[in-house]
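[1] how would this look folded up:
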Amino acid sequence: MDNSTPITIGIVAGEASGDQLGAGLIFALRKRFPNARFEGVGGEKMIAEGFHSLYPMERLSVMGIVEPLKRLPELLRMRSNLYKHFRDSKPALFIGIDSPDFTIHLEGKLRRAGVTTAHYVSPSVWAWRQGRVKTIARSVDHILTLFPFESRFYQQHGVPETCVGHPLADKLPMENDTAAAREQLGLSGGKPLLALLPGSRGSEVAQLGTLFLQVAQKLEQQVEGIRFVIPAANPHRRQQIDELVKQFPNLDITVTDGNALLAMAAADALLVASGTVTLEAMLLKKPMVVSYRMGKGSYAIFSRLVKVPHVALPNLLADQRLVPELIQDDATVDNISEELLNYLNNPERTQQLVDEFTQLHQLLRRKASETAADSLSKLIERSRVG
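    Numbering: from 1, shown residues only. Reported below is the predicted structural model:
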């Protein structure tokens, strides 16, 4: 079929990570369909690739429980208008990128209206609320996953899928230059350097910030000349972290504005909050201890809902406990300090972990945008034939 024929491809992305994925996908799809028009909801990176955004992406970027409820009438109105727009315009393909609470419902309605649909980035159905896979199966013709263990889950449930790997695995080099990263941060030298990453949300820093600094205080007494670096995710977190650091005046701590990847690249080992940062740390080949705390009530609910044996992405990818996970009551100063000392005092253990991380990096390095575009191109061709 002639791929130079003008077609429309609808995309809705609701947050910065989705904008990044969407931009790479548009670039790759345009090579295959040079006269395609891309429209829907996206951010600056997608717009820079020629995307036409019908709404500002910021209107979808809501977090937590209370904020979405406050904005619910606007969000429902936006979703209804997007449905009517794509129902009437009948794009060759509609793609929802992440933001599953918004996009999967929209995908389902459009699919029932005769539009071919796909979803990029799996919700965490493999971890909790697994019944949602039935809704996904009804809503999409194809799902693009980032991780192999997600693909296996969808295969078990008969949902057409393609594992495209993770774009960050394509972007980051296989070997990390620690000395260059230290020089960029003004932290050159051979003294041990530990990066502390207590999270990007205020509640996370409130729960973990003091704990991580208490760990640093204990390590300072046991490791000669040890230094610490803490990247602050935004100005609010910087202010919050600076207030906590004042309580530990004897520690050699550098707080940076952003530069989380650089801070991790510069460090000998990491203490990180559970989350996507564990993937970044793994791709940088850095030994890490993963820790998390939340309110007792929230943890009681969370622990009953989660259906997987690990929370850290390296452990999920390897299907074994590569790195320590110290969660809730296990997240103590003594436990965390002991695990970090095991890294700092055992270079053989660290090297073994680097080797494991290198294999996982290779597993995820699949030219994500190109692989996604190849899979979606086949879907578009089938849609046009149909």
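[2] Now for residue 288: which residues touch it?
    269-272, 278, 281-282, 312, 314, 323 (CB atoms under 8 Å, 6 or more residues apart in numbering). Glycine gets a C-beta too; all of them are placed from N, C-alpha and C.
[3] and which of those residues is nearest to residue 19?
    residue 278 (22.2 Å; CB to CB).
[4] looking at this, residue 12 is in a helix?
    No: Residue 12: not assigned to a helix; according to DSSP: H, G, I helix; E, B strand; the rest coil it is strand.
[5] and it, how many neighbours?
    29 (other CB atoms under 10 Å).
[6] surely it meets residue 104?
    No: the criterion here is CB atoms under 8 Å, and residue 12 misses it with residue 104 at 10.5 Å.
[7] With secondary structure added, can I get the contacts of residue 288 in TSV?
    Output for the contacts of residue 288, formatted as TSV (three-state DSSP):
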residue	secondary structure
269	strand
270	strand
271	strand
272	strand
278	helix
281	helix
282	helix
312	coil
314	helix
323	coil
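[8] from these, which has minimum pLDDT?
    Ranked by pLDDT, these bottom out at residue 312 (91).
[9] Make sure that residue is actually in contact with residue 274.
    Yes: Residue 312 lies in contact with residue 274 (CB under 8 Å); the separation is 6.3 Å.
[10] More neighbours: which of the two?
    The neighbour comparison of residue 312 against residue 274 (other CB under 10 Å) goes to residue 312, with 27 against 21.
[11] how about the more buried one, what does it touch?
    274, 278, 288, 290, 322-323, 325.
[12] what about it, distance to residue 77?
    39 Å (CB to CB, to the nearest Å).
[13] Find the nearest non-adjacent residue to residue 27, please.
    residue 49 (5.6 Å; CB to CB, 6 or more residues apart in numbering).
[14] circling back: which of the contacts of residue 312 sits closest to residue 192?
    residue 288 (15.0 Å).
[15] Dig out what the closest one forms beta bridges with.
    residue 270 (DSSP bridges).
[16] Low-confidence bits of the stretch 101-250 of the chain, can you list those?
    Within the stretch 101-250 of the chain, the segments meeting pLDDT under 70 span 126-129.
[17] now stretch 245-262, how far from the centre of its chain.
    Its chain's C-alpha centre and that of stretch 245-262 lie 23 Å apart, by CA atoms, centre = their mean, to the nearest Å.
[18] For that stretch, C-alpha coordinates in CSV please.
    Listed next in CSV are the C-alpha coordinates belonging to stretch 245-262 (Å, rounded to 0.1, in the frame of the first residue of the first chain):
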residue,chain,number,x,y,z
VAL,A,245,20.6,19.0,55.7
LYS,A,246,20.9,21.9,58.2
GLN,A,247,20.3,19.3,60.9
PHE,A,248,23.4,17.4,59.9
PRO,A,249,26.1,20.1,59.8
ASN,A,250,29.1,17.8,60.0
LEU,A,251,28.3,15.9,56.8
ASP,A,252,30.1,16.7,53.5
ILE,A,253,26.9,17.0,51.4
THR,A,254,26.4,18.7,48.0
VAL,A,255,22.8,19.4,47.0
THR,A,256,22.3,19.9,43.2
ASP,A,257,19.3,21.4,41.3
GLY,A,258,18.2,18.5,39.2
ASN,A,259,21.0,16.6,37.5
ALA,A,260,19.9,13.3,39.0
LEU,A,261,21.4,11.2,36.3
LEU,A,262,24.7,13.0,36.7
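[19] can you pull the buried residues of that stretch?
    245, 253-256, 259-262 (16 or more other CB atoms under 10 Å).
[20] Contacts made by that stretch with the rest, please.
    By CB under 8 Å, 6+ apart, stretch 245-262 touches 172, 181, 184-187, 197, 210, 213, 216-217, 220, 226-235, 238, 241-242, 263, 277, 280, 284.
[21] again with stretch 81-92
    7-10, 12, 36, 40-41, 54-55, 94, 106, 109-110, 113-116, 380, 383-384.
[22] Next, the buried residues of it.
    82-83, 86-87, 91-92.
[23] what mean pLDDT does that stretch have?
    Stretch 81-92 comes out at a mean pLDDT of 97.
[24] re earlier: identify the contacts common to residue 312 and residue 274.
    Common neighbours of residue 312 and residue 274 (CB under 8 Å, 6+ apart) are 290, 325.
[25] And the chain, split by domain according to the record?
    8-165+366-385, 178-364 (automatic domain parsing).
[26] Mind telling me what element residue 310 is part of?
    Following DSSP states H and E, there is no helix or strand that holds residue 310.
[27] now swap in residue 369 and tell me
    Using DSSP H and E, residue 369 sits in helix 368-385.
[28] So what touches that helix?
    Against helix 368-385 from outside (CB under 8 Å, 6+ apart): 1, 7, 9, 21, 24-25, 27-29, 31-33, 92-93, 95, 116, 118, 120, 141-142, 144, 146, 162, 164-167, 169-170.
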